[in-house]
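Visitor: pasting a predicted model and its sequence here:
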Amino acid sequence: MGSKIHQSTHKLAIAVVNDASIDCPKNEDKTPATIANSRPGITDVVKFNQCKLGIAYYLPFFVTLPTMKYQPPSLVDTFDRRIRYLRMSVTDRCDFRCQYCMTEEMRFLPRKSVLSAAEIVRLATLFVELGVEKIRLTGGEPLVRPDIVSIARDLSAIDGLNELVMTTNGSQLSTLAKPLVDAGVSRVNVSLDTLCSDQFSELSRTGNLTTVLAGIDAAIAAGFKRIRLNTVLLSGQNEAQIEPLINFALDRGIDIAFIEEMPMGHITQTDRELSLVPSSQVLDIVKSRFTLTPVAGSPNDGPARRYAVEGTGTELGVISPITHNFCDSCNRLRITPDGRLVLCLGHENSLDLRQMLRSDMDATSLKRAIVAALAYKPERHVFDQPDEPQVVRLMNVTGG
């Protein structure tokens, strides 16, 4: 099917699937907003290699793709932030139903809507060619995907990719930790919000603490370069677990990061509100017992502020999307399980890469679309501004 491009006098256009016999009409429709309003959310494909001007419309923003010879060869946004880190969610499915991540009764994506292994590897290759050096596999729970080890193996073989890492709930690590190391996954983050079995069952709804702890021990034995616990703190629920979890990490010689809850989707999944525990509170508790030394980050690091715990091999981190905005150094993009390129975790802007892939768009045009989309990466998220539009997708839909 061909594409008809409707252009405005300001050279802003919307790609609308139309008559296959006309690929690049000129100025036939000067009112694209009318079309956008009548077909919200349409993300159709323009054959950029056949047209001087190509536009894709993605609610709620436009991506303009002019002749690309003047586009930068790598991923740099309008705030001069270079993208080196890609988080790829390989599934929205999970064997847990954690309160801050999803609703108790979930409706997951149809299987055919989720990117195939080949599509994941193809997209990853394009991003590495554009300058991405680190990829993190996320979910949902990535280890419930049956082909996850082979996906990891293919990704780790991409020339130019320096680091392949993963975030998991740990439920499948007892059997998959060693295969993942062998496949090239160098580091793993394991979500662990409490060491209290009853509380773990309550927060995760369907998880088993014993299984997760066994998975962490298996990951240690498997030989990952580093292992980090990720703890989301919820006021009135698990803030008393800060010290026990630090002791657990120290005993095993692994790292830990405490994360402020992000208000995405439904943020009150139970009768009690899931409230913020600020990172400053965590650091006050830790500093009363330990000496912390800041760890200098690398250009590929995520948003954690990291500290070495003196006298140990453990690093402690805090991730503070609410109280300590880190957007000025953002180096990340996200791809959802259904192939949307999410430009910021705190905004709804996205680019439908799946549709482009499945329309047999060539690699050059795909890369042009990705580079052009960076014009719409915002300066910062707005989690801390209640008057701003809030993100309505759940965390498992985006990838943590």
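Guide: Ah, there it is. Note that the structure is predicted; figures quoted are calculated from it, not measured.
Visitor: all the helices of the stretch 201-350 of the chain, residue numbers only.
Guide: 209-222, 242-252, 279-287 (DSSP state H, counting those that start in this stretch).
Visitor: between those helices, which one is nearest to residue 146?
Guide: The closest of the helices of the stretch 201-350 of the chain to residue 146 is helix 209-222. By C-beta to C-beta, the value is 17.6 Å. Backbone N, C-alpha and C define where each C-beta goes, glycine included.
Visitor: for that closest one, packing partners?
Guide: helix 173-183, strand 187-191, helix 197-204, strand 226-233, helix 242-252 (3 or more C-beta pairs under 8 Å, 6 or more residues apart in numbering; DSSP states H and E).
Visitor: so where's the stretch 301-400 of the chain shaky on pLDDT?
Guide: 346-347, 381-400 (pLDDT under 70).
Visitor: and if you look at the chain?
Guide: Applying pLDDT under 70 to the chain picks out residues 1-73, 98-106, 263-274, 346-347, 381-400.
Visitor: any idea how it splits into domains?
Guide: 3-70+347-380, 85-329 (automatic domain parsing).
Visitor: including distance to residue 338, could these go into CSV?
Guide: Output for the domains of the chain, formatted as CSV (distance: least, C-beta to C-beta, whole Å):
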stretch, distance to residue 338
domain 3-70+347-380, 6
domain 85-329, 5
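Visitor: as TSV, the ones you listed with distance to residue 79 and mean neighbour count would be great.
Guide: TSV is the format used below for these (distance: least, C-beta to C-beta, whole Å; neighbours: other C-beta atoms under 10 Å):
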stretch	distance to residue 79	mean neighbour count
domain 3-70+347-380	6	17
domain 85-329	8	18
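Visitor: closest one to residue 335 among the helices and strands packed on helix 209-222?
Guide: Nearest of these (C-beta to C-beta): strand 187-191, 17.8 Å.
Visitor: using CSV, list the CA coordinates for the closest one.
Guide: Output of strand 187-191 as CSV, limited to C-alpha atoms (Å, rounded to 0.1, in the frame of the first residue of the first chain):
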residue,chain,number,x,y,z
ARG,A,187,25.1,-7.3,34.7
VAL,A,188,21.7,-7.9,36.2
ASN,A,189,19.4,-5.8,38.4
VAL,A,190,17.0,-7.8,40.5
SER,A,191,13.9,-6.1,41.9
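Visitor: out of the helices and strands packed on helix 209-222, which gets nearest to residue 159?
Guide: Set against residue 159 and scored by C-beta to C-beta, these come closest in helix 173-183, at 16.6 Å.
Visitor: next, the angle from the closest one to strand 226-233.
Guide: 130 degrees (axes from the mean of the first three to the mean of the last three C-alpha atoms, to 10 degrees).
Visitor: and helix 173-183, what does it pack against?
Guide: Using 3+ C-beta pairs under 8 Å, 6+ apart: helix 173-183 touches helix 148-156, strand 187-191, helix 209-222.
Visitor: roughly how far is that helix from the heart of the chain?
Guide: Put simply, helix 173-183 sits 22 Å off its chain's centre (C-alpha atoms, centre = their mean, to the nearest Å).
Visitor: JSON lines for the helices and strands packed on helix 209-222, including distance to residue 127?
Guide: Formatted as JSON lines, these follow (distance: least, C-beta to C-beta, whole Å):
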{"stretch": "helix 173-183", "distance to residue 127": "19"}
{"stretch": "strand 187-191", "distance to residue 127": "19"}
{"stretch": "helix 197-204", "distance to residue 127": "32"}
{"stretch": "strand 226-233", "distance to residue 127": "23"}
{"stretch": "helix 242-252", "distance to residue 127": "32"}
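Visitor: and of those, who's closest to residue 261?
Guide: Comparing the helices and strands packed on helix 209-222 by C-beta to C-beta, strand 226-233 comes nearest, at 5.5 Å.
Visitor: so which elements touch the closest one?
Guide: Using 3+ C-beta pairs under 8 Å, 6+ apart, strand 226-233 is in contact with strand 187-191, helix 209-222, helix 242-252, strand 255-260.
Visitor: now render the ones you listed as a markdown table, adding distance to residue 131.
Guide: Shown next, in a markdown table, are those (distance: least, C-beta to C-beta, whole Å):
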| stretch | distance to residue 131 |
| --- | --- |
| strand 187-191 | 21 |
| helix 209-222 | 30 |
| helix 242-252 | 33 |
| strand 255-260 | 26 |
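Visitor: export the helices of the stretch 201-350 of the chain as TSV, with columns for distance to residue 190.
Guide: Output for these, formatted as TSV (distance: least, C-beta to C-beta, whole Å):
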stretch	distance to residue 190
helix 209-222	6
helix 242-252	11
helix 279-287	18
